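*Asks:* fold the following, please.
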Amino acid sequence: MANENKRDYYEVLGVAKTATNDEIKRAFRKLAMKYHPDRNKEPGAEQKFKEINEAYQVLTDPQKKQMYDQFGFEGLNQGAGGAGGFSGDFSDFFSAFGGNGGNVHFSFGGDGDDNPFGDIFGNIFGGGSRKAKSKSNQPNPDIEAQLTISFLESILGCSKTFDIKIKKTCKECNGTGAGDHGKDIKTCEHCHGTGYVVTQKRSFLGMVQSRSTCSHCHGTGKIIGSKCPKCNGVGYIEENEQIKIEIPAGIKNGESLVINNKANEVNGQRGNIYITVYIEPSNVFTRSGDLLKAVVLVDPIRAICGGIIDIPTPYGIKKVSLPPNTANGDKLTISGFGIKDMKKHMFGKTTNGDIEITVKYARPNLYTQSEVELLKKLAEKGNNQVDKFIKDAQKEINK
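*Replies:* Below you'll find the predicted structure:
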């Protein structure tokens with residue numbers, strides 16, 4: 001994008017110039033999930049996604065952010081090698097995202113400092129996006145996952161139990177990944193322990209000094225001599241754990257739930273598991289907001305005469321009263337057999353909402369000859385609505 005067509009990076013992410021790094025990351029996470037092309041098929045979503053990522057790359061890099069705050073886009077282009085090194089090529093990211101083929105999918109690990117996709121989109125979509133080596137041997141504390149449940153489970157609520165692998169700090173090396181109980185670590189000779197190297201470039205502003213992460217120690221300032229034999233130098237070990245989650249009744253498609261303090265361990269603290277819930281469609285029911293709907297087959301004779309009919313609900317087949325002269329396509333609202341209010345249900349209030357049924361005439365039964373004769377006599381009386389239709393049509397034809 002040309003500079004004159006670009007929007008202010010703070011405006012793109014919807015944050016103030018005084019926003020903290022955590023606030024910027026939260027804003028990016030929310031917008032990127034909304035506009036990711038695998039989830040958002042609206043025109044312009046992909047371009048919006050690229051714009052959001054470009055803003056994130058600049059505003060989370062201290063040096064690039066400083067150049068941008070002082071000199072705007074020109075400062076980035078001339079003094080820092082372009083806007084955050086953003087190429088606009090998302091082929092690696094898009095090719096890595098895909099379906100997961102299972103009801104529960106988890107992705108773990110990665111770092112979110114150098115590559116925001118490592119901890120966000122790699123976990124959500126099961127991707128294998130390229131990750132820059134972390135500045136720490138520890139994994140991301142949080143785990144993001146997606147869970148698929150049936151339509152009825154979303155209405156009634158349910159429990160799900162699954163096994164996952166949790167990363168925990170290696171106690172042998174205390175998370176450093178180094179041998180000799182974590183002590184075989186030396187100061188990086190290339191950055192002298194600072195974790196970054198400084199370069200100078202000449203620009204229209206004069207000599208511009210920039211700082212980048214040391215490629216030898218990857219920003220840690222330290223070089224590991226020998227690897228820890230227990231964790232093989234990664235700084236953590238994996239353990240299997242069984243997790244149980246309660247899905248509240250009335251949850252909507254795409255809503256997220258959080259399991260606190262059950263994810264990866266970093267510095268003695270457990271992160272959270274963020275689960276996005278997706279709902280399989282039903283062959284019987286649909287949902288419109290908080291209103292449950294169903295199309296119900298009714299015998300036409302019963303619809304004309306009225307009486308008790310059976311209707312499907314999430315709570316079983318229920319009998320309701322159908323008023324006489326119910327027409328094909330009429331809608332009836334029945335209280336008490338619909339969707340629970342999720343917030344009220346979580347506080348022990350279990351009042352069900354409404355279900356709206358649409359009457360659909362079934363094919364008439366096969367009647368005996370005597371029954372058919374009786375129906376013929378009734379039909380001979382005519383139908384006022386049919387008579388009016390023919391009368392109005394005759395008027396138009398005779399004009």
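*Asks:* pLDDT below threshold where in the stretch 201-350 of the chain?
*Replies:* By pLDDT under 70, the low-scoring segments of the stretch 201-350 of the chain are 203-206, 342-350.
*Asks:* just the strands from it, written as ranges.
*Replies:* Under the criterion DSSP state E, counting those that start in this stretch, strands of the stretch 201-350 of the chain are mapped to 206-213, 222-224, 236-247, 256-259, 265-266, 269-270, 273-279, 285-288, 291-298, 307-313, 316-322, 331-340.
*Asks:* ok, the stretch 1-150 of the chain next?
*Replies:* For the stretch 1-150 of the chain, applying DSSP E, counting those that start in this stretch gives strands covering 104-107, 143-149.
*Asks:* after the longest one, which helix or strand is next?
*Replies:* Meaning strand 143-149. helix 151-156 (DSSP states H and E).
*Asks:* tell me the helix or strand right after that next one.
*Replies:* strand 158-169.
*Asks:* identify each buried residue in that next one, please.
*Replies:* Under the neighbour-count criterion of 16 or more other Cβ atoms under 10 Å, strand 158-169 has 158, 160, 164, 166-169 buried. Where you see a C-beta, it was placed from the backbone N, CA and C, and this is true even at glycine.
*Asks:* go on, stretch 141-155?
*Replies:* The neighbour-count check on stretch 141-155 (16+ other Cβ under 10 Å) flags 141-147, 149, 151-155 as buried.
*Asks:* the residues you listed: which two are farthest apart?
*Replies:* Pro141 and Leu152 (34.3 Å; Cβ to Cβ).
*Asks:* now the strands of the stretch 201-350 of the chain in a markdown table, with mean neighbour count and distance to Ile24?
*Replies:* Formatted as a markdown table, these follow (neighbours: other Cβ atoms under 10 Å; distance: least, Cβ to Cβ, whole Å):
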| stretch | mean neighbour count | distance to Ile24 |
| --- | --- | --- |
| strand 206-213 | 14 | 18 |
| strand 222-224 | 19 | 28 |
| strand 236-247 | 14 | 27 |
| strand 256-259 | 15 | 20 |
| strand 265-266 | 20 | 20 |
| strand 269-270 | 14 | 22 |
| strand 273-279 | 19 | 18 |
| strand 285-288 | 15 | 35 |
| strand 291-298 | 18 | 38 |
| strand 307-313 | 16 | 47 |
| strand 316-322 | 12 | 50 |
| strand 331-340 | 17 | 37 |
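*Asks:* right, and the ones you listed - which one's nearest Thr60?
*Replies:* strand 206-213 (12.7 Å).
*Asks:* other SSEs contacting the closest one?
*Replies:* Using 3 or more Cβ pairs under 8 Å, 6 or more residues apart in numbering; DSSP states H and E, the elements in contact with strand 206-213 are helix 62-79, strand 196-203.
*Asks:* can I get these in a markdown table including distance to Phe28?
*Replies:* Formatted as a markdown table, the helices and strands packed on strand 206-213 follow (distance: least, Cβ to Cβ, whole Å):
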| stretch | distance to Phe28 |
| --- | --- |
| helix 62-79 | 13 |
| strand 196-203 | 23 |
